[in-house]
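**Q** Predicted model, plus sequence, below.
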Amino acid sequence: MSFAAGGVSVEAVGVRRAFGPHVVLDRLNLRVAAGEFVAIVGRSGSGKSTLLRLLAGLDQPTAGEVRIDGRPLAGLSPRTRVLFQDGRLLPWLRVGENVALGLDDRRRENAARLLERVGLATRAADYPGVLSGGQRQRVALARALAAEPGFLLFDEPLGSLDALTRVEMQRLVEELWRERPFTGVLITHDVAEAVTLADRVLLLEGGGIRAEWPVPFPRPRATGSPDFARLVEGVLGRVLGRPAQMT
Ligand SMILES: Nc1ncnc2c1ncn2[C@@H]1O[C@H](COP(=O)(O)OP(=O)(O)OP(=O)(O)O)[C@@H](O)[C@H]1O
């Protein structure tokens, strides 16, 4: 299946992950359709990163199964990329080399195009260390997308950015997702960010997905609208444990 086909489907079926006696996820079920963008929110310690690692194939469930396009996932999938908070660029390689690392010739062309698309073509010869945090994240985004992933996981990637850079990155992620659809799962503490980017927001609580909010607003989203604020408030109220006010 090619990139343009819109990504892979992702499922977690009856997933349990325990660390010794400590059960973090239990009988968790989740389905993300090919090309869909889902955000997972939850309190600190609810197991968001644990779930992300399982979906990425970086960790194995104690019981249950993760499936990509219906096939059980065993280890890293070549179609999956993860965008981490720190970007994880290799400091000894130039920006252009970081983006093109490990790619075949055709995807190397993608790499150059994507670096331009994220506004950093002129920085290709620089080392990551001289870039700002936001620039490094844009390079990491270009690198992830150059590999033509069917599934892109975002592990709080914008958490350390200042508010303006963060809004810019959110727009960029959305634009790139619309241009070249992939299946996206965003892990975030930021409910407004979840509602800005996702087709659906899921709440992870008590080891499973406990609530779900479809986001009905057309893109790009008017984040200043009363409807947007109401949905953010509804989700936030539920995350923090006030009576559910489902929208
Ligand atoms: N390798 C591990 N060994 C033991 N316990 C672990 C391990 N990884 C995670 N845990 C535990 O699992 C629980 C969930 O952790 P996790 O990092 O998934 O939560 P989170 O929702 O991502 O939290 P935060 O939002 O604070 O990053 C925590 O109690 C944590 O201590």
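**A** Yep, that arrived.
**Q** and stretch 57-70, what's its mean pLDDT?
**A** Per-region confidence: stretch 57-70 scores 95 on mean pLDDT.
**Q** which parts of it are buried?
**A** Buried residues in stretch 57-70, counted by 16 or more other Cβ atoms under 10 Å: 57, 61, 64-66, 68-69. For glycine as for every other residue, the C-beta is placed from the backbone atoms N, C-alpha and C.
**Q** From the residues you listed, pick the one nearest the ligand.
**A** residue 61 (13.0 Å; Cβ to the nearest ligand atom).
**Q** tell me the contacts of the closest residue to residue 83 other than its chain neighbours?
**A** In space, and not counting its chain neighbours, residue 83 is closest to residue 157: 4.4 Å by Cβ to Cβ, 6 or more residues apart in numbering. By Cβ atoms under 8 Å, 6 or more residues apart in numbering, the contact set of residue 157 is 83-85, 87, 137, 140-141, 169.
**Q** quick one: which two of the residues you listed are the most distant?
**A** For those, the maximum inter-member distance is 13.8 Å, found between 84 and 169 (Cβ to Cβ).
**Q** So those two - more neighbours on which side?
**A** residue 169 (19 against 15; other Cβ atoms under 10 Å).
**Q** near the ligand too, which of the contacts of residue 157?
**A** Applying Cβ under 6 Å from any ligand atom, the subset of the contacts of residue 157 adjacent to the ligand is empty.
**Q** In strands, which of the residues you listed appear?
**A** residue 83 (DSSP state E).
**Q** out of the contacts of residue 157, who's nearest the ligand?
**A** For the contacts of residue 157, the nearest to the ligand is residue 85 (9.8 Å; Cβ to the nearest ligand atom).
**Q** so the closest one makes contact with residue 154?
**A** No - contact criterion Cβ atoms under 8 Å: residue 85 and residue 154 do not qualify, at 9.3 Å.
**Q** More neighbours: which of the two?
**A** Taking other Cβ under 10 Å, residue 85 and residue 154 do not tie; residue 154 has more neighbours (25 against 17).
**Q** Enumerate the residues of this structure near the ligand.
**A** Neighbours of the ligand within the chain, by Cβ under 6 Å from any ligand atom: 19, 22, 24, 42, 44-50.
**Q** Check whether the closest residue to residue 73 other than its chain neighbours sits in a helix, strand or coil.
**A** Spatially, and ignoring its direct neighbours in sequence, residue 73 is nearest to residue 66 (4.4 Å; Cβ to Cβ, 6+ apart). On the three-state scheme (DSSP: H, G, I helix; E, B strand; the rest coil), residue 66 is labelled strand.
**Q** Cool, thanks, talk later.
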